[in-house]
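>>> Let's see this in three dimensions:
(chains A and B)
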Amino acid sequence: MSQIIKPAILPIPTQDITDEEILVLLDKSSTYERGFKLLMSKYQERLYKHIRRMVWGHDDTNDVIQNTFIKVFKGIQNYQQQSKLYTWLYRIATNEAITFLNKKQRKSAISLDDGENHIANQLKTDAYFDGDEIQIKLLKAIDTLPEKQRIVFNLRYFEEMSYNDMSSVLETSVGALKASYHHAVKKVEGYLVGSGNA
Amino acid sequence: MKSKKEIQDELEKLSPHLAKLKKTDPFKVPDDYFAQMSSEVFEKVQEANKVPAPEPSLSFFDRLAAGIKTLFQPRYAVGFGMVALLLIAVFVFNKGEVNTDSMLLADLQVTDAQQYLADNIDEFDESLLLDLDLDINQMDGLTGEDLDDEILEELFEDLDEQLLEELL
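Below you'll find the model as predicted:
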């Protein structure tokens, strides 16, 4: 009986591997799976948090992030290296989350007030939410923002993304993004101060 | 680091209240969630990219057998069954009608035919009757009104003297 010996794959620390190295691995069928798993390991947590801040629930986030990665690996051959890999990933994730939210909104038409209470209740009963009252109020304040301002606020405030990268993700000028963030911060602050918190 | 500081400075200028808040992540995930996700997604991607295997090349007889087998699939078999039943029905009914006519003519007695002619003599063209090699007995039942002189002359020409004597 001959024994099949698989070649040992030396683990590479995810943080040390560059996007270019991942793309080289994805380009060859023999190293495709390794490249795939390295790309996921490097970006899945960041993308998960970005999507979660848009759709709130873990189950919904799980659906959206899986669809995101399926689209990423289907379209990786068409990826143009004019933009950074991570901004391309964020763009796909953002679009997937927006598509999901639009579908969800069509299914259940909720008024603004009902929506706020609905989010608060959803977060309080979510087994995978560990925030306090102040954090719930902050999320409710963010939820009052228009969609584009909300995304800009999240990317800048939580993920500390540069305006240049954000411009690549959202395909919007840096000036417009700065103005959008300025307005968003003022609205969130107004909501928190007005409700007697922060 | 420089970028983080810039972002924090910007926030302090825009909103001192927000800048004071701690940026802790309140969202949690199930245990081993990220460890399992890559395998789960990889399976889905493999499934989505799966190309159907090309069909193996078949010999003439294999293709013929496959074609025959196809004909016995329920949707085709029902159709062919209906057509076959229709053809059998048409054949049987047509055959029945032909047999009936042939049988009736074959079984018809000469006397019956003569009687039929006599009863329905009006239906027959006179010239047709003359063309036929009629037995004189066929003339039973005919009246003088039914035959004009010309016809009678023709009839008499065909009769021999012996027969005329018998008739008289």
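>>> immediately after the worst-scoring helix or strand of chain A on mean pLDDT, which helix or strand?
Across the helices and strands of chain A, mean pLDDT, DSSP states H and E gives its lowest value to helix A:112-125, namely a mean of 68. Counting by DSSP states H and E, the next helix or strand C-terminal to helix A:112-125 is helix A:133-143.
>>> can you give me the mean pLDDT across that following helix?
Averaging pLDDT along helix A:133-143 yields 91.
>>> Check what contacts stretch A:48-59 and list those residues.
A:61, A:64-65, A:68, A:90, A:93-94, A:96-98, A:100-101, A:104, A:119, A:122-123, A:126-128, A:139, A:142, A:150-151, A:154-155, A:158-159, B:25, B:27-30, B:34 (C-beta atoms under 8 Å, 6 or more residues apart in numbering or on different chains). Where C-beta positions appear, they are placed from N, C-alpha and C, glycine not excepted.
>>> Sort out for me which of those residues are in helices.
A:61, A:64-65, A:68, A:90, A:93-94, A:96-98, A:100-101, A:104, A:119, A:122-123, A:139, A:142, A:150-151, B:34 (DSSP state H).
>>> In PyMOL, select just the buried ones from those residues.
Selection command for PyMOL covering only the buried members of those, criterion 16 or more other C-beta atoms under 10 Å in any protein chain shown:
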select buried, chain A and resi 61+64+65+68+90+93+94+96+97+98+100+101+119+123+139+142+150+151
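>>> Find the centremost residue of chain A, please.
The structure's chain A has its C-alpha centroid closest to residue A:50; by C-alpha atoms, centre = their mean the separation is 2.6 Å.
>>> Does that one lie in a helix or a strand, and which?
Going by DSSP H and E, residue A:50 is in helix A:32-55.
>>> residues of that helix that come out buried?
Going by neighbour count (16+ other C-beta under 10 Å), the buried part of helix A:32-55 is A:32-33, A:35-45, A:47-55.
>>> same question, stretch A:166-180
Using 16+ other C-beta under 10 Å as the burial criterion, the residues of stretch A:166-180 that qualify are A:166, A:167, A:168, A:169, A:170, A:172, A:177, A:180.
>>> Repeat that for stretch A:129-148.
A:129, A:131, A:135, A:136, A:137, A:138, A:139, A:140, A:141, A:142, A:143, A:145.
>>> Would you convert the residues you listed into CSV that also reports distance to residue B:76?
Formatted as CSV, those follow (distance: C-beta to C-beta, whole Å):
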residue, distance to residue B:76
A:129, 59
A:131, 65
A:135, 67
A:136, 65
A:137, 69
A:138, 67
A:139, 62
A:140, 64
A:141, 67
A:142, 63
A:143, 60
A:145, 62
